[in-house]
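K.L.:
Return a 3D structure for these sequence lines:
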Amino acid sequence: MTLLGILAMNITDFGLPAWDYSIPLTTVHPVFSGPHWKAKTIAWFLRWILAQVKMRALFSMLFGAGVILLTARAEERGAADRTADIFTRRNM
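P.N.:
Residues are numbered from 1 along each chain as shown. Coordinates of the predicted model:
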């Protein structure tokens, strides 16, 4: 579920150029103009609130749980001194 939510977060990356995130919201965006600008604006901010924030938090919790599992298993094997090395290689 979380990975599908991350897909919903990144849909704007697929459809808009990268420089779109550096433009302030006070300027005119294509999504905030046109005949259905009110519905587009509501959908944009609902996606931000419901998908962006929630999925970022869930992904962070999954990442933290993975770190806890990694360190717990390393301590059980007696490789606690190599945990930082394993963690660094995993994140590279």
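K.L.:
so what does the lengthiest helix in the chain touch, helix or strand wise?
P.N.:
Looking across the chain with DSSP state H, the single longest helix is helix 54-77. Packing partners of helix 54-77 (3 or more CB pairs under 8 Å, 6 or more residues apart in numbering; DSSP states H and E): helix 2-15, helix 83-91. Any C-beta I mention is one placed from the backbone N, CA and C, and that applies to glycine too.
K.L.:
repeat that for 6 Å
P.N.:
Helix 54-77 makes packing contacts with helix 2-15 when contacts are defined by 3 or more CB pairs under 6 Å, 6 or more residues apart in numbering; DSSP states H and E.
K.L.:
Just want the angle from the helix it packs on to helix 54-77.
P.N.:
Counting by axes from the mean of the first three to the mean of the last three CA atoms, to 10 degrees, helix 2-15 points 130 degrees away from the direction of helix 54-77.
K.L.:
Now the next helix or strand along the chain from helix 2-15 - C-alpha only, PDB.
P.N.:
Using DSSP states H and E, the helix or strand that follows helix 2-15 in sequence is helix 37-47. What follows is helix 37-47, C-alpha atoms only, in PDB (Å, rounded to 0.1, in the frame of the first residue of the first chain):
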ATOM      1  CA  TRP A  37      -9.300  25.500 -12.000                       C
ATOM      2  CA  LYS A  38     -11.200  25.100  -8.800                       C
ATOM      3  CA  ALA A  39     -11.600  21.400  -9.100                       C
ATOM      4  CA  LYS A  40      -8.000  21.000 -10.100                       C
ATOM      5  CA  THR A  41      -6.800  23.100  -7.200                       C
ATOM      6  CA  ILE A  42      -8.900  21.100  -4.700                       C
ATOM      7  CA  ALA A  43      -7.600  17.800  -6.200                       C
ATOM      8  CA  TRP A  44      -4.000  19.100  -6.100                       C
ATOM      9  CA  PHE A  45      -4.200  20.000  -2.400                       C
ATOM     10  CA  LEU A  46      -6.100  16.900  -1.400                       C
ATOM     11  CA  ARG A  47      -3.400  14.800  -3.100                       C
END
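K.L.:
Right, I'll call it a day here.
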